[in-house]
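[1] predicted coordinates and the sequence they were generated for:
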Amino acid sequence: MPILPHSDLLQLKRWNTPTIYNGWEQITKCDSGADAFNIEETRDFMPQMGPMVGYAVTVVIEPSNKAHREANPNAGSEYRRYIASIPGPKIVIVQDLDKPRVIGSFWGEVNSNIHRALGCVGTITDGAIRDVDEMTNAGFKALARRLCVGHAHVHPVRWNCEVEVFGRTVRPGDLIHADKHGFLVIPTEDQSRILEASRFMDSNECETVIPAARNSSGLSTDQLLTNLESSITQFSANVKTKFRREGEW
């Protein structure tokens, strides 16, 4: 079930995904900062829509295999009931078993409109999408591997399960923040502090390092370097005071 109020999600949507990552790495107990974002390259096909934020709902597909539809002809209806049962906003995480080949697309104009009606704001799929303009018109954002013309034998194989997309494991209920840079998977234990941490890190940069770097007019190189070193020290001190960790600089 969602942990954060919708107002927090709206505020998280105001920043890009790297900014949210900067906050996340200060509060997480993960051993590595790379433990939460996509390892393989993905592509944002609607960058003009800005970031998307939502809770993960998951499904596995194999468009090349028509046997799935024959084995469970009611899977589509059962899958949609699962999607409808989860509070939104939701991001559909699709693992395509055909990768690295692309045989068919789960997404297009019809499916994006259906999922939008069920409270989903977008998708991350390691397969393909099609009908990009129509998906955009539906207000349904997509990060995917590539484009595709057809849908082949697209049918839900299993859902509400752990999936792996672009080298990252995603579990149902994980909080997802995604934009043109990629996506960040925020586990349950880190969700309650992510907004405060991201807001702090963004403010800390704007009050220390960034103004020192931009206010360089008329300064000698030595003066500029002195100002930069002082601002970096202050930045790190602020992080250490807030989180008891060293800052990224």
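    Received the coordinates, thanks. Numbering: from 1, shown residues only.
[2] any idea how far residue 226 is from residue 220?
    Distance of residue 220 to residue 226, given as C-beta to C-beta, to the nearest Å: 9 Å. All C-beta atoms are positioned from the backbone trio N, CA, C, and that covers glycine.
[3] again, but for residue 10
    41 Å.
[4] next: residue 192.
    40 Å.
[5] quick one: the strands in the chain?
    Remark: strands assigned in the chain by DSSP state E are 43-44, 52-61, 90-96, 120-125, 128-129, 141-144, 146-147, 156-159, 163-165, 168-170, 175-179, 182-186.
[6] distance to residue 241, mean neighbour count and mean pLDDT for those - can I get that in JSON lines?
    Below are these laid out as JSON lines (distance: least, C-beta to C-beta, whole Å; neighbours: other C-beta atoms under 10 Å; pLDDT from 0 to 100):
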{"stretch": "strand 43-44", "distance to residue 241": "35", "mean neighbour count": "18", "mean pLDDT": "98"}
{"stretch": "strand 52-61", "distance to residue 241": "28", "mean neighbour count": "24", "mean pLDDT": "97"}
{"stretch": "strand 90-96", "distance to residue 241": "34", "mean neighbour count": "26", "mean pLDDT": "98"}
{"stretch": "strand 120-125", "distance to residue 241": "36", "mean neighbour count": "26", "mean pLDDT": "98"}
{"stretch": "strand 128-129", "distance to residue 241": "45", "mean neighbour count": "26", "mean pLDDT": "96"}
{"stretch": "strand 141-144", "distance to residue 241": "36", "mean neighbour count": "27", "mean pLDDT": "98"}
{"stretch": "strand 146-147", "distance to residue 241": "46", "mean neighbour count": "14", "mean pLDDT": "96"}
{"stretch": "strand 156-159", "distance to residue 241": "44", "mean neighbour count": "19", "mean pLDDT": "97"}
{"stretch": "strand 163-165", "distance to residue 241": "37", "mean neighbour count": "20", "mean pLDDT": "97"}
{"stretch": "strand 168-170", "distance to residue 241": "32", "mean neighbour count": "19", "mean pLDDT": "95"}
{"stretch": "strand 175-179", "distance to residue 241": "26", "mean neighbour count": "26", "mean pLDDT": "98"}
{"stretch": "strand 182-186", "distance to residue 241": "24", "mean neighbour count": "24", "mean pLDDT": "97"}
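[7] where does the protein have low pLDDT?
    1-2, 32-33, 245-249 (pLDDT under 70).
[8] report the backbone C-alpha coordinates of the longest helix anywhere in it in CSV.
    Criterion DSSP state H: the longest helix present in the chain is helix 221-243. The C-alpha coordinates for helix 221-243 follow below in CSV (Å, rounded to 0.1, in the frame of the first residue of the first chain):
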residue,chain,number,x,y,z
THR,A,221,41.7,32.2,-10.5
ASP,A,222,43.0,32.0,-6.9
GLN,A,223,40.0,33.8,-5.5
LEU,A,224,37.6,31.6,-7.5
LEU,A,225,39.3,28.4,-6.2
THR,A,226,39.3,29.7,-2.7
ASN,A,227,35.6,30.4,-2.9
LEU,A,228,34.9,27.0,-4.4
GLU,A,229,36.8,25.1,-1.8
SER,A,230,35.0,27.1,1.0
SER,A,231,31.6,26.3,-0.5
ILE,A,232,32.4,22.6,-1.0
THR,A,233,33.5,22.4,2.6
GLN,A,234,30.3,24.1,3.8
PHE,A,235,28.2,21.8,1.5
SER,A,236,29.8,18.7,3.1
ALA,A,237,29.5,20.1,6.6
ASN,A,238,25.8,20.7,6.0
VAL,A,239,25.3,17.1,4.8
LYS,A,240,27.3,15.7,7.7
THR,A,241,25.2,17.7,10.2
LYS,A,242,21.9,16.6,8.7
PHE,A,243,22.6,13.0,7.8
